[in-house]
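Enquirer: Compute the structure for the input listed below.
(chains A and B)
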There are 2 protein chains.
Amino acid sequence: MSRHHDVPTFVPTAVGTVSNELPGRYDSRFAPDRDVIKRVFTLPQLELECGATLKNVIVGYECYGELNAKGDNAIVIAHYFTGTSHAAGRYRQSDAEPGYWDAIIGPGKAIDTDRFFVVAVDCLSNLNAKNPMVFSTGPASINPATGKIYGADFPLVTISDFVRTQYALCRALGINRLHAACGPSMGSMQALEWAAQFPDYVDRVVGVIGGGLANEPYLAALLKQWCVPILLDPKFKDGNYALDEQPMAGLTASLELVTLNALSPNWAQRAFARRRANPDDTGFSLDFRQAHFSIESALTTTAHARAELTDANSFLRIAKAVQLFDLGANKNRLKAKVLWIPAKTDLLLYPVYAERGIKEMRALGLHVETASIETDGGHLDGLNQIATVAEPIREFLR
Amino acid sequence: MSRHHDVPTFVPTAVGTVSNELPGRYDSRFAPDRDVIKRVFTLPQLELECGATLKNVIVGYECYGELNAKGDNAIVIAHYFTGTSHAAGRYRQSDAEPGYWDAIIGPGKAIDTDRFFVVAVDCLSNLNAKNPMVFSTGPASINPATGKIYGADFPLVTISDFVRTQYALCRALGINRLHAACGPSMGSMQALEWAAQFPDYVDRVVGVIGGGLANEPYLAALLKQWCVPILLDPKFKDGNYALDEQPMAGLTASLELVTLNALSPNWAQRAFARRRANPDDTGFSLDFRQAHFSIESALTTTAHARAELTDANSFLRIAKAVQLFDLGANKNRLKAKVLWIPAKTDLLLYPVYAERGIKEMRALGLHVETASIETDGGHLDGLNQIATVAEPIREFLR
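Expert: Numbering: from 1, shown residues only, chains lettered A, B, ... in the order given. A predicted model of the protein is given here:
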């Protein structure tokens, strides 16, 4: 079992295999004056695509809304690369920020929890292994076979593995049919994988800031670059580091590059322009680690804080999972209706990827609707500006 | 003096301060059946913008065409980040590739060497310090004060320093007036700096794949990311490495990221699609250094070959020079006519940077003409597809 079970602050209310009586409770949990509950799903074992078998697999999940008697009003939300299952609401009313898609998930919102039973799930090997609200079997978890953390030995996991875990959870929750599988970025890949793996179970796919039916080579090369700083950090030790001695310098640099790639030139110009980190700095220092511009120091500060909650081995596996994403021949199994929403200024999953994907899906005979996030903040506008496409999403789900 | 003077293969024909009788020779040197000559300009000393003084400064240069009697038909070509002064022609007819702008520099071409005397110059601290055809005082040069290489002690150099070196060369060559200062990318920054520093000397500026009058914050942050792999490599030793023991892993990774950022998603799709580096590789290896996709291995191979000719300390200084580029109050000195040519799919100096730059130059009352490289290969189309904007350049220089 994972070390997460000892986290003192937020005790999950439902550790272990989910029981059928749970779904009815979620409605009241998601009233505006109530807190979101993080729950944990346990699967005794999971055969991975790579051939390995994981025992005692756990993933965290959150539910918003209520499952109907027929069990067919459920919507699954899969998260993005650095995301978690915290898609909506607040754990406590004092939380500074709600879940990442709170603008479209809730009572009366585009993904209407008065109507739908929404389930958001952590992926396996979730990056945020040190975040006490994230539950996800990964390299930082205890290997039941050794009693020590998996570390470098944790196998590669894939988008397909994430989806099959989610399917087991949905079945355990009594969901007979998904009204939709949705997600931003890596979540959109999972939504497509859902529809390809379980074509008779998934009616609709909503993919935001996604690409096509397989990862693009340019993104594959960029994902490799994201991993480079971790791999170069001497503390990485080929993944054989103690959890409290991880390659922080490399991991911080990796997360800086991720953040930069997920934003945009106009964001940078608005937020920082050419302001200096230290107004007295002439820029002529030979210490190349010293930030001259405030954008550099801000990215480092943010990335370092995130690195404190992140595990480097988990990061590498998620990068590989995205690199390897490819529906392959399973694309011919797709039947779901699709709503595909690129962001115009996305510098990570370029709109041209979505164009190619839409073309290919239509060539397969799929019903594909499209919308576009037109704001200029880059990839992250798939989260930050999701409200701008609330209506197309609401209409598509109607 | 620099260690470059001992290079055996290509002995420069004009080492030392250039003499006034030289220019007349270049015409015949640039006939199609003749080889381009690399020459070396020596400046006894140069006061740098950072306050340091360099002694015995050398920069390599190439000339194409002939200076006229009035000394006013000269065009300076400044190079890009990883470039050199080899802008046109071949050193030997057997060379696989000519200089980077050969498509527009030559007899009858847009930058017509039957009409203009074209001078292309290496920047200070040129990245390609180990390329025997590059002459550029930098961290890999011998410090005359110690008899050892400068290494980590080499001061920061700026775009302004590059331009003032070029100005000294132009004066030594007998050039009384520049018909134009031109360049791609970092070369466009030098061209603008030329016009701001020497407004009565420069009639025209041609900037290709350039930005605005100061570097953008998003690019500043990206340039920092380019340096990260070098800084993380334990062999970097804060710049105090022996030339034959430089941080090759970090430098190779840095050059991979540079190359990737200079290309484009469509280039990647055309050149590699999802081909694997090794067809038998399932992708499930836990060796994260192993390339799965052919785009990864190709970038590594190319970058490693380039790293063999590159010096890491020089790389860091050029990245800083671009970060710090800012005409500042000198922008009010600008008088030259400007031709500004962004590339539509540029992911490094985004077209929006050029838009902002053009707007600002026009607000300063400058005459600004524009053209656009419309191909889909990214930043490098400012080199690879320069022929597509040959006519606007020819017209502008007429």
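
Enquirer: quick check, the helix or strand containing A:L223 touching chain B?
Expert: Assessed by DSSP states H and E, A:L223 sits inside helix A:217-232. Yes: with C-beta under 8 Å from any C-beta of the partner chain as the measure, helix A:217-232 is seen reaching chain B through A:217-222, A:224-225, A:227-229, A:231-232. All C-beta atoms are positioned from the backbone trio N, CA, C, and that covers glycine.

Enquirer: so what's A:C182 up against?
Expert: Going by C-beta atoms under 8 Å, 6 or more residues apart in numbering or on different chains, A:C182 touches A:I75, A:V76, A:I77, A:A78, A:I111, A:A191, A:V205, A:V206, A:G207, A:V208.

Enquirer: Mind checking which of those are in helices?
Expert: A:A191 (DSSP state H).

Enquirer: got the contacts of A:C182 as a markdown table, with neighbour count, pLDDT and distance to chain B columns?
Expert: What follows is the contacts of A:C182, written out as a markdown table (neighbours: other C-beta atoms under 10 Å in any protein chain shown; pLDDT from 0 to 100; distance: C-beta to the nearest C-beta, whole Å):
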| residue | neighbour count | pLDDT | distance to chain B |
| --- | --- | --- | --- |
| A:I75 | 26 | 98 | 31 |
| A:V76 | 27 | 98 | 25 |
| A:I77 | 31 | 98 | 27 |
| A:A78 | 31 | 98 | 21 |
| A:I111 | 26 | 98 | 30 |
| A:A191 | 32 | 98 | 20 |
| A:V205 | 29 | 98 | 22 |
| A:V206 | 31 | 98 | 23 |
| A:G207 | 32 | 98 | 18 |
| A:V208 | 29 | 98 | 19 |
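
Enquirer: rewinding a little: columns neighbour count and pLDDT on top of the residues of helix A:217-232 next to chain B, output as CSV?
Expert: Converted to CSV, the residues of helix A:217-232 next to chain B look like this (neighbours: other C-beta atoms under 10 Å in any protein chain shown; pLDDT from 0 to 100):
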residue, neighbour count, pLDDT
A:P217, 24, 98
A:Y218, 24, 98
A:L219, 21, 98
A:A220, 25, 98
A:A221, 25, 98
A:L222, 23, 98
A:K224, 26, 98
A:Q225, 23, 98
A:C227, 22, 98
A:V228, 26, 98
A:P229, 27, 98
A:L231, 21, 98
A:L232, 26, 98
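
Enquirer: on that earlier part again, so after the helix holding A:L223, what's the next helix or strand?
Expert: helix A:248-261.

Enquirer: contacts for that following helix?
Expert: A:81-82, A:222, A:225-233, A:235-236, A:299-300, A:302-304, A:306-307, A:310, A:312, A:315, A:347-348, A:379, B:218, B:221-222, B:225, B:228, B:232.

Enquirer: repeat for stretch A:89-107
Expert: A:10, A:30-33, A:35-36, A:38, A:62, A:64, A:77, A:79-80, A:83, A:86-88, A:109-114, A:118, A:120, A:133, A:184, A:383, A:386-387, A:390, A:393.

Enquirer: How far off centre is it?
Expert: 16 Å (C-alpha atoms, centre = their mean, to the nearest Å).

Enquirer: Output it in CSV with nothing but the alpha carbons.
Expert: Extracted in CSV, the C-alpha atoms of stretch A:89-107 (Å, rounded to 0.1, in the frame of the first residue of the first chain):
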residue,chain,number,x,y,z
GLY,A,89,-14.9,22.6,-6.1
ARG,A,90,-12.7,23.2,-3.0
TYR,A,91,-11.5,20.8,-0.4
ARG,A,92,-12.2,23.5,2.1
GLN,A,93,-14.0,26.8,1.6
SER,A,94,-10.7,28.5,2.6
ASP,A,95,-8.8,27.0,-0.4
ALA,A,96,-7.4,29.8,-2.6
GLU,A,97,-8.3,28.1,-5.8
PRO,A,98,-11.0,25.6,-6.8
GLY,A,99,-10.3,22.6,-9.1
TYR,A,100,-9.0,23.4,-12.5
TRP,A,101,-12.2,23.1,-14.5
ASP,A,102,-14.5,24.6,-11.8
ALA,A,103,-15.7,27.2,-14.3
ILE,A,104,-17.5,24.4,-16.2
ILE,A,105,-18.2,21.7,-13.6
GLY,A,106,-20.9,22.4,-11.0
PRO,A,107,-24.7,22.9,-10.5
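
Enquirer: can you give me the mean pLDDT across that stretch?
Expert: What stretch A:89-107 shows for mean pLDDT is 92.

Enquirer: for stretch A:380-398, same thing?
Expert: The average pLDDT for stretch A:380-398 rounds to 98.
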